[in-house]
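> Pasting the sequence and the predicted model now:
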Amino acid sequence: MIELDDEQQRARDWFEALRDRICAAFETIEREAGGEAAFTYTPWRRTDTDGSDGGGGVRGLIKGRVFEKAGVNVSTVGGAFAPEFARTIHGAGEDPRFFATGISLVAHMTNPHVPAVHMNCRFLATTKRWFGGGADLNPPLPRADDTADFHAAFREACDAHPAAGDYPRFRQWADDYFYIPHRKVHRGVGGIFFDHLEGAFEPNFAFVRSVGEAFLDIFPRLVRRRMEEDWSEEDRAAMLAFRGRYAEFNLVYDRGTLFGLKTGGDVDAILMSLPPVATWA
């Protein structure tokens, strides 16, 4: 097992606790919809380039009536980046050793009126230490009130921690990051995105916890708001086309996908973000 210091252990413990609470909330929604779907959990281990223990994680997956496919993954890994990749990572250019722990979540919904969503929070250590993460809403059929409520939740999370949270900056960062250049469209209706949040651990960790709590509060409310709405085959077709663009972004531009593949992560967990079904016209 890789050895963790106090900050690393606290971050890991909180990410794992958040996973458990999110999974329980999703399973509750499934039961409310008359289903019995539950998460299945698959552990995995990582071997570093020198053959030493590189840590690992647990991949959680649910397929049900409401959640067509949702994955909630937690990983805690360490080791050394390949030299070429190390030069692209904050603080790893001169020393390729790293530690990373985090939670990553993607939910693709059965009803086209229920928005898909992505959320992740992470803590990394190279020669520098920082948090990153955020959440963004991805509705195939956008609704203005859902978008407004989602953004309001994360504005509140940012405003509660002014030493770390900067809602206008993080919202613009999300708009810039979750953009598909070859389509000239955004992946969804945005949210917040932040990276390289350095400095004092305690205020930054408090802010990241607030981001996780905001997600756990707002997204289940949006699901319950829409999951009983009627939908048509035209709505389903629009959702599948939207998912095609979602897949394009994750495979071509997403830095988290690249990070996982470059660091020897679990391929099934990394590609969990891809939708179960998509179309390209």
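Perfect, I can see it now.

> Which residue ranges of the stretch 1-150 of the chain form helices?
Assigned by DSSP state H, counting those that start in this stretch, the helices in the stretch 1-150 of the chain fall at 6-32, 83-86, 144-159.

> right, and these - which one's nearest Gly93?
Gly93 lies closest, by CB to CB, to one member of those: helix 83-86, at 6.2 Å. For every residue, glycine as well, the C-beta is placed using N, CA and C.

> Can you get me the centre-to-centre distance for the closest one and its chain?
Centroid separation between helix 83-86 and its chain, computed with CA atoms, centre = their mean, to the nearest Å, is 24 Å.

> can you check stretch 147-165 too?
Worked out by CA atoms, centre = their mean, stretch 147-165 lies 17 Å from the chain centre.

> List the buried residues for it?
Residues of stretch 147-165 classed as buried: Thr147, Phe150, His151, Ala153, Phe154, Arg155, Ala157, Cys158, His161, Ala164, Gly165 (neighbour count, 16 or more other CB atoms under 10 Å).

> pretty sure the fourth one contacts Ile218?
Yes: using CB atoms under 8 Å, Ala153 is in contact with Ile218, at 3.9 Å.

> ok so, going back, between the helices of the stretch 1-150 of the chain, which gets the lowest average pLDDT?
Mean pLDDT is lowest for helix 83-86 out of the helices of the stretch 1-150 of the chain, coming in at a mean of 85.

> mind listing what's buried in that one?
Using 16+ other CB under 10 Å as the test for burial, helix 83-86 gives Ala86.

> name the helices or strands packed onto it?
Packing contacts for helix 83-86, counted by 3 or more CB pairs under 8 Å, 6 or more residues apart in numbering; DSSP states H and E, involve no helix or strand.

> Residues in contact with it: which ones?
The contact list for helix 83-86, computed with CB atoms under 8 Å, 6 or more residues apart in numbering, reads Ala80, Ala92, Gly93, Pro96, Lys262.

> Inside strands: which ones of the residues you listed?
Of those, the ones assigned to strands by DSSP state E are Ala80.

> Using JSON lines, please lay out the contacts of helix 83-86 together with distance to Gly134 and pLDDT.
Conversion of those to JSON lines gives the following (distance: CB to CB, whole Å; pLDDT from 0 to 100):
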{"residue": "Ala80", "distance to Gly134": "27", "pLDDT": "88"}
{"residue": "Ala92", "distance to Gly134": "22", "pLDDT": "87"}
{"residue": "Gly93", "distance to Gly134": "25", "pLDDT": "85"}
{"residue": "Pro96", "distance to Gly134": "26", "pLDDT": "91"}
{"residue": "Lys262", "distance to Gly134": "21", "pLDDT": "81"}
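
> nearest to Gly64, of the contacts of helix 83-86?
Lys262 (32.4 Å).
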